[in-house]
Every structure is written in structure tokens, then in C-alpha cells.
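1. Below is the sequence, then the predicted model.
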Amino acid sequence: MGDTNDKELLALQRARRTDRRQFSTKRYREGQNAPSSFGEILPALFRDAPETLHKFDEHRAMNSWKVYVGESAAQVSDALKIRNGKLIVRVADPVWMHQLSLCKSLLVSKFRKDFPALKITDIFFIRG
């Protein structure tokens, strides 16, 4: 009885190894054809709607505000919208507004580098 159990276990183990090899090979092959990022898919999907791509870029730029200014400044400020090349930012505290205005040229250059299609030329701070 012990021999038949051992033989069955060996057969199951071999079958499992074969299945794992086939699965990993298939996964490898499918990974070769897959797009590398979502950013590569969007332009193809919205090829006929450039205004939609522009809105996606605006949204990404406004979300990146928190990354650019840091955690403490992001707690008191929020990017609201982009209009005519100006990023409009609401700031809760006048001291932070002054501090951010001192960094304005650096922030504009970061936005220009990362989002050239938006053509951001200025940042406008409002109290709120």
C-alpha cells in the first residue's frame, strides 16, 4: 500500500511541475506583448479626442502638486484648476502663500518639464 501511495504522489508531483512550467512560460510570453504602462494606452484610445488627453494631463498635473510642494505645504494648499496656462492654487494660510510664492519659479519649471503640453507659465495663489 505504501508503494502505490508513493507512486501516486510522484505522479502528482511530476504533473504539478509540468503545469507550473507551462503556466510560467505562458505568463512570460504574454508579458512580452503587454503594454508597459497605462500612459501608453491612453493616447491610442483617445487619438481622435485631443481635448480629453489634455484634461487627463491637467488632472495629473493638479494631482502632482502635493508631490512638488511636499507634505507640509500640501496640507494647507490645493491645486484647483489650470486655465490659460496658469495653475490656480488655493492656500489656507497667508504665511504659506508667501512661502509658496517664493518657490513659484521653481514650481513653474517643474510643471513645464513634466507637463510640456499644458504650457504652464504662472501659478496664481488665492486665499481660501
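-> Received it, and whenever you're ready, just let me know what you need.
2. how distant is stretch 50-61 from the center of its chain?
-> Here stretch 50-61 is found 13 Å from its chain centre; the criterion is Cα atoms, centre = their mean, to the nearest Å.
3. What's the first helix or strand after the helix or strand bottoming out on mean pLDDT in the chain?
-> Each helix and strand of the chain was given a mean pLDDT (mean pLDDT, DSSP states H and E); the minimum falls on helix 2-33 at a mean of 72. Downstream of helix 2-33, the first helix or strand assigned by DSSP states H and E is helix 38-45.
4. what's the following helix or strand after that next one?
-> Next element after helix 38-45 (DSSP H and E): helix 50-63.
5. Tell me which residues are up against that next one.
-> 42-43, 46, 79-82, 87, 111, 114-115, 117-118, 120 (Cβ atoms under 8 Å, 6 or more residues apart in numbering). (C-beta placed from N, C-alpha, C; glycine too.)
6. hmm, which two among the residues you listed are most spread apart?
-> Using Cβ to Cβ, the contacts of helix 50-63 span at most 26.2 Å, a distance reached by P43 and L80.
7. Let me see the domain layout of the chain.
-> What automatic domain parsing lists as the domains of the chain is 1-34, 49-127.
8. ok so, going back, same drill for P43 and L80, tell me which one is more crowded.
-> L80 (15 against 11; other Cβ atoms under 10 Å).
9. List the residues that contact the more buried one.
-> 62, 88-90, 126.
10. Quick check: which element contains it?
-> Applying DSSP H and E, one finds L80 within strand 77-83.
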